[in-house]
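>>> whatever this is, show me its structure:
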Amino acid sequence: MNLNFTLVLQIISFLILLGLLTKFLYKPLVTFLDERAREAGGMIENAKASEEKARRYAEETHRALEMARQEAVKLRQESKEIADSERRKIIEESKKEARFLLEQAEQELGRERRAMIGEIRGQIAIISVDIARKILGREISAKDHDRLIEESISEIKNEISRA
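Purely as a prediction, here's the structure:
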């Protein structure tokens, strides 16, 4: 009966943890990534519109200055270089911003992960002591308590690394 009750408590604890992880980590992360994808798409559309605008400008300039062929070639080349430079700037800025936001997200996930691991370690310690006390039917020493905690933590790390 003690083993079944303990199993039920572990399952309930796992389900609560799973629900919390889903609510506070997975959903905000997905929302954040979707928002960034929309923003990146908008930036790409803006870059395409800028490129199209520059191309139209180059064509209009060519028609207007057709009689002065050498000058038209020069202006067309300059406007193409400006458009390419602008496009490269926009793309590079977008990439830099995306990298920056990704790094921030990774750092935030790392902080949240460390906080959750610390919280889980505390919960594991309490559960381990309770389990050991129930299994052994007696109080355990501080040395036994520390050993059980370290064993539980290493088992959980192994499980996490396999997943």
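
>>> low-confidence ranges in the protein?
Along the chain, the parts satisfying pLDDT under 70 run over 1-3, 65, 129, 132-134, 136-140, 163.

>>> scan it for its longest helix.
Of all segments of type helix in the chain, defined using DSSP state H, the longest is helix 69-136.

>>> by contact count, what packs against that one?
Helix 69-136 sits against helix 2-21, helix 27-64, helix 142-162, with contacts defined as 3 or more CB pairs under 8 Å, 6 or more residues apart in numbering; DSSP states H and E. Heads up, the C-betas are built off the backbone N, CA and C, glycines and all.

>>> tilt between the last one and helix 69-136?
Looking back up the chat, that one is helix 142-162. 140 degrees (axes from the mean of the first three to the mean of the last three CA atoms, to 10 degrees).

>>> buried residues, helix 142-162. List them.
145, 148-149, 152-153 (16 or more other CB atoms under 10 Å).

>>> over to the second one?
By neighbour count, with 16+ other CB under 10 Å as the criterion, the buried positions of helix 27-64 are 43, 47, 54, 57-58, 61.

>>> the nearest residue to Ile91 once chain neighbours are set aside: what's it in contact with?
Leaving out its chain neighbours, the residue that sits closest to Ile91 by CB to CB, 6 or more residues apart in numbering is Ala47, at 6.3 Å. Contact analysis of Ala47 by CB atoms under 8 Å, 6 or more residues apart in numbering lists 87, 90-91, 94.

>>> and which of these is nearest to Glu78?
Lowest distance from Glu78 to the contacts of Ala47 (CB to CB) belongs to Arg87, with 14.9 Å.
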